[in-house]
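Novice: Just need the structure, nothing else, for what follows:
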Amino acid sequence: MPKYFNDKREQYEKIINILCEYKGINREKLFRILKDKECKYLFFLLIKKYGCDDMEMIQEDFPSVNSKNINSNVRKAKEKILLNRKIRSMYFEAENILEKIE
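Specialist: Next comes the predicted model:
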């Protein structure tokens, strides 16, 4: 069940930590998330679902991302989640992890 009054920064950090752990990278190499298509799509789906799509917050880690990029990548990610079993499985696994962390 979604929480409506949770801290967006906290949710965003949880998403970043999950993806960094999956990729086996530390925070300094965060840009690698956007180079991996599966992680990139997963990132955009999760930030959209959990309402963490605040431009200022995202641009601290990914300066090249803008609102047009986010909308475009979310649209592509929604298509990919329907077609790609691995992305779909990763998404639901990440969602379960995020709900357990709360």
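
Novice: quick one: contacts of the worst-scoring helix or strand of the chain on mean pLDDT?
Specialist: One helix or strand of the chain scores below all others by mean pLDDT, DSSP states H and E: helix 32-35, with a mean of 87. The contact list for helix 32-35, computed with C-beta atoms under 8 Å, 6 or more residues apart in numbering, reads 16, 19-20, 23, 25, 39-40, 43, 62, 65. C-beta coordinates here come from the backbone N, C-alpha and C atoms, glycine included.

Novice: Can you point out the buried residues in the helix or strand that contains Glu13?
Specialist: Using DSSP states H and E, Glu13 maps to helix 8-23. For helix 8-23, the buried set under the neighbour-count rule, 16 or more other C-beta atoms under 10 Å, comprises 11-12, 14-16, 18-20, 22-23.

Novice: now what about stretch 53-71, what contacts it?
Specialist: The contact list for stretch 53-71 (C-beta under 8 Å, 6+ apart) reads 8-9, 12, 16, 30-31, 34, 44, 47-48, 52.

Novice: quick one, helices of the chain?
Specialist: If DSSP state H is used as the criterion, the helices of the chain fall at 8-23, 32-35, 37-49, 55-61, 67-83, 85-101.

Novice: what about the least confident helix or strand of the chain, distance to the chain center?
Specialist: Offset of helix 32-35 from its chain centre (C-alpha atoms, centre = their mean, to the nearest Å): 11 Å.

Novice: List the buried residues of that helix.
Specialist: Quick answer for helix 32-35 (16+ other C-beta under 10 Å): 33-34.

Novice: Okay, now the unreliable bits of this structure?
Specialist: Scanning the chain for pLDDT under 70 picks out 1-6, 102.

Novice: Quick check, central residue of it?
Specialist: With distances taken as C-alpha atoms, centre = their mean, the residue of the chain nearest its centroid is Phe43 (2.0 Å).

Novice: can I assume that residue is in contact with Asn17?
Specialist: No: in this structure, Phe43 is not within contact of Asn17 by C-beta atoms under 8 Å, at 11.9 Å.
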